[in-house]
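In: Following is a predicted model, sequence given first.
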Amino acid sequence: LVSPYYLRGSIINYLRECPDANKLQLLIQVASALSYLHRLSIIHGDVKGSNILINGNGEASLADFGLSRILEKSGFTTKTTSGTWRYMALELVSPPRGEYEEFIPRVTMATDVWAFAMTIVEV
């Protein structure tokens, strides 16, 4: 696997070094990438600041597709929860009341949207 080198590193590091950078434009680029993935029925699974990389032109890219999945029509369930806890949607880590024993997390596009929202708060 060969991937391009992102000179500026993650969006977190980039914004520390370049506080005048246009955060909104970078986040729009990430939202566009996430929207594209979702149109293809792909869930990223680990959206967070350290997985948003900035190239030498100051453009954002979504990286680290190690946890990504192709979504079935009804979503998919998983016996284990993968991703970064700090960015996970609550429905992935907290079962509804009374369903502790039968709880199986259901991953959907909404879980990526939640993680992206948490990333927006972070940056």
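Out: Structure received. Predicted model, so just to flag it, every value in this text is computed and none were measured.
In: what's the distance between the nearest residue to residue 41 once chain neighbours are set aside and residue 110?
Out: The shortest distance from residue 41 to any non-neighbouring residue, by CB to CB, 6 or more residues apart in numbering, is to residue 71 (4.4 Å). Quick note: C-beta positions are derived from backbone N, CA and C, even for glycine. According to CB to CB, to the nearest Å, residue 71 and residue 110 sit 11 Å apart.
In: which of those two has more neighbours?
Out: More neighbours surround residue 71 than the other of residue 71 and residue 110, with 17 against 14 (other CB atoms under 10 Å).
In: so that one touches residue 39, yeah?
Out: No: assessed by CB atoms under 8 Å, residue 71 is found out of contact with residue 39, at 10.9 Å.
In: and residue 43, what is it in contact with?
Out: If you count contacts by CB atoms under 8 Å, 6 or more residues apart in numbering, residue 43 has them with 37, 68, 69, 70, 71, 107, 108, 109, 111, 112.
In: Local confidence estimate at it?
Out: Note on residue 43: pLDDT of 88.
In: number of nearby residues for the closest residue to it other than its chain neighbours?
Out: Distance criterion CB to CB, 6+ apart; nearest residue to residue 43, sequence neighbours excluded, is residue 69 at 5.1 Å. Neighbour count for residue 69, taken as other CB under 10 Å: 16.
In: just for this structure, where's the confidence low?
Out: Along the chain, the model assigns pLDDT under 70 to residues 1, 72-83, 85-105.
In: In this protein, which residue is most central in space?
Out: Against the mean C-alpha coordinate of the chain, by CA atoms, centre = their mean, the closest residue is residue 47 at 1.4 Å.
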